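In: Okay, sequence plus prediction incoming.
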Amino acid sequence: MIRVGVVGASGYTGLELVKMLVSHPKFVLTYLATTSGDSMIETLHPSLVGVATQKVKKATTEGVAEHCDLVFLALPHKASMGFAKGLIDKGIKVVDLSADYRLELETYERHYCEHEDREYLDSAVYALIEYYREELKSTQLAAGPGCYPTATLLGILPFIPYLDPNVPLFVDAKSGVSGAGKKLSDTTHFVTINDNIFAYNPLKHRHAPEIAEKIEKIHGVKMQVNFVPHLIPATRGELISVYGVLQADIDPLEVLKNHYADDPFIRVRENPVDIKSTAGTHFCDIYAARNGNALFVNAAIDNLLRGASSQALAAANLMCGLDEAMGIPTIAYVP
Ligand SMILES: NC(=O)c1ccc[n+]([C@@H]2O[C@H](COP(=O)([O-])OP(=O)(O)OC[C@H]3O[C@@H](n4cnc5c(N)ncnc54)[C@H](OP(=O)(O)O)[C@@H]3O)[C@@H](O)[C@H]2O)c1
């Protein structure tokens, strides 16, 4: 068995990781940690009573190194890079869910903060599974993509060669409240979000530069990305609508079907997609349509799973030479 740990086990993505890891056929959970430690996992997450019982320790690089072959860092940005560097030095495989290893140095420092691990930043593989599968098999450090970039990129990347690169992309995104993590804020307060929907950080959200950077890296095309996220009164799920202008005569559904023919976790749909059909799963559902040269792409994911923890697990599987699908959830929370 391969020994794995979760640092940030008290958070939302940490919980999703634990839920998948307790029944994983090849990974055994040997280390759980938070900032303060000194607890039990079923105390932090009462839904785990009768499912898992394990000590939660105060997070230290020495603790990870002693107990783990691979670790998931389910931490806020900046906290992750503090851990990752020391662990890579010790030969541990690291899957980071934060933004710390996702971006080029210049993009990161412009939108987040000063980077403290320039040494390993360049060696990180962006864990958008369908596009970096081969690279993930041989890396020691995987960088989990942002949740919005995951849905947006999976939806729009197949169309980039057919789009007019001089026309900006418009991305209208909607997310359930768990996308913001467990910390309460005014916008995530029940009274603010219940029966409500509103945009936040319109045209300024830091997932826009991530989307633009990866489009350029994968297709060599520089596109302006206008990104507007909205918060919706749902616990989990993300729905993305992307609008672009075509410069080629294509059948959008045929493009998607051909592009993802060998990708079992992408479901090309004949109708607009919804968040509920992917909730609790690793699937990304995608639909697309055109009206003349106007292209509409619609993608749905579970932000906590495909947008974070199940994508991280698929990356870990590949890094350890296992089947990408091992332990990956596929049954949606429907109805
Ligand atoms: N939520 C999503 O849908 C989503 C999607 C994609 C990516 N992400 C990214 O994944 C990461 C985790 O997100 P989340 O939603 O799970 O956040 P969260 O619910 O706020 O959990 C963060 C966890 O990190 C722990 N923590 C913070 N600083 C720490 C430190 N220095 N040492 C050890 N533990 C520390 C916190 O535990 P204590 O305070 O109890 O110590 C908490 O358990 C973030 O970087 C986020 O941007 C989240």
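Out: Right, received. Where do you want to start? Numbers count the residues shown, from 1 in each chain.
In: Counting neighbours, what do you get for the residue of the chain found nearest the ligand?
Out: Closest residue of the chain to the ligand, C-beta to the nearest ligand atom: G11 (2.0 Å). For the C-beta atoms, the positions are set from N, CA and C on the backbone; glycine is no exception. A total of 22 residues lie near G11 under the criterion other C-beta atoms under 10 Å.
In: so which helix or strand takes in the closest residue to M326 other than its chain neighbours?
Out: The shortest distance from M326 to any non-neighbouring residue, by C-beta to C-beta, 6 or more residues apart in numbering, is to N317 (5.0 Å). Assigned by DSSP states H and E, N317 falls within helix 310-319.
In: distance between the ends of stretch 196-212?
Out: End-to-end distance for stretch 196-212, by C-alpha to C-alpha, to the nearest Å: 29 Å.
In: can you give me how far that stretch is from the chain middle?
Out: Stretch 196-212 sits 16 Å away from the centroid of its parent chain (C-alpha atoms, centre = their mean, to the nearest Å).
In: swap in stretch 67-87?
Out: 16 Å.
In: do that stretch and the ligand meet at all?
Out: Yes. Residues of stretch 67-87 contacting the ligand under C-beta under 6 Å from any ligand atom: A74, L75, P76, H77, A79.
In: Show me what from the stretch 151-300 of the chain comes close to the ligand.
Out: Counting by C-beta under 6 Å from any ligand atom, the stretch 151-300 of the chain sits next to the ligand at S178, G179, G181, K182, K183.
In: at 5 Å what do you get?
Out: Contact residues (C-beta under 5 Å from any ligand atom) of the stretch 151-300 of the chain with the ligand: G179, G181, K182.
In: need the contact list for the last one.
Out: With C-beta atoms under 8 Å, 6 or more residues apart in numbering as the criterion, the residues that contact K182 are S10, G11, Y12.
In: cool, and the second one?
Out: Neighbour list for G181: G11, Y12, P76 [criterion: C-beta under 8 Å, 6+ apart].
In: before we move on, what about the first one?
Out: Counting by C-beta under 8 Å, 6+ apart, G179 touches C147, R236, E238, N303, G307.
In: before we move on, what SS does it have?
Out: Following DSSP: H, G, I helix; E, B strand; the rest coil, the label given to G179 is helix.
In: State the helix or strand in which A173 lies.
Out: strand 169-175.
In: After that strand, which helix or strand is next?
Out: helix 190-193.
In: Is A294 in contact with L246, as I believe?
Out: Yes. Taking contacts as C-beta atoms under 8 Å, A294 lies within contact range of L246: 7.5 Å.
In: For the helix ranked longest in the chain, name the packing helices and strands.
Out: The helix that spans the most residues within the chain, counting by DSSP state H, is helix 207-219. On a contact count with 3 or more C-beta pairs under 8 Å, 6 or more residues apart in numbering; DSSP states H and E, helix 207-219 meets helix 105-111, helix 147-156, strand 169-175, strand 225-231.
In: any idea of the mean pLDDT for it?
Out: The average pLDDT for helix 207-219 rounds to 98.
In: So A234, which state does it fall into?
Out: A234 - assigned by three-state DSSP - is coil.
In: now swap in the one 5 residues further on and tell me
Out: Under three-state DSSP, the three-state class of L239 is strand.
In: That one pairs with what?
Out: K174, A300 (DSSP bridges).
In: Next up, the contacts around it.
Out: Contacts of L239 (C-beta under 8 Å, 6+ apart): A151, A173, K174, V273, D274, I275, N298, A299, A300.
In: Which of the residues you listed ranks first by neighbour count?
Out: Counting by other C-beta under 10 Å, top hit in the contacts of L239: A151 with 32 neighbours.
In: Verify the contact between that residue and A299 for me.
Out: Yes. A151 lies in contact with A299 (C-beta under 8 Å); the separation is 4.5 Å.
In: what's the overlap in contacts for those two?
Out: By the contact definition C-beta under 8 Å, 6+ apart, A151 and A299 are jointly contacted by L239, I240, C284.
In: Next, Y132: phi, psi?
Out: phi -130, psi 20 (degrees, to the nearest 10).
In: Next: Y126.
Out: The phi/psi pair for Y126 (degrees, to the nearest 10) is phi -70, psi 120.
In: What separation do you get for it and A142?
Out: 8 Å (C-beta to C-beta, to the nearest Å).
In: about what we covered before: tell me which residues touch the residue of the chain closest to the ligand, please.
Out: A74, L75, G181, K182.
In: try D263
Out: E130.
In: tell me the SS of it?
Out: Three-state call for D263 (three-state DSSP): coil.
In: Contacts for the helix holding N317, please.
Out: 4, 13, 16-17, 20-21, 24, 27, 70, 72, 93, 95, 97, 125, 127-129, 133, 136-137, 139-140, 142, 144-145, 150, 265, 281-282, 302, 305, 323-329.
In: And stretch 251-260, by the same measure?
Out: Contacts to stretch 251-260, defined as C-beta under 8 Å, 6+ apart, come from residues 130, 158-159, 162, 266, 268, 270, 286-290, 295, 297.
In: just checking, which of the residues you listed belong to strands?
Out: I266, V268, I286, Y287, A288, A289, R290, L295, V297 (DSSP state E).
In: Alright, calling it a day.
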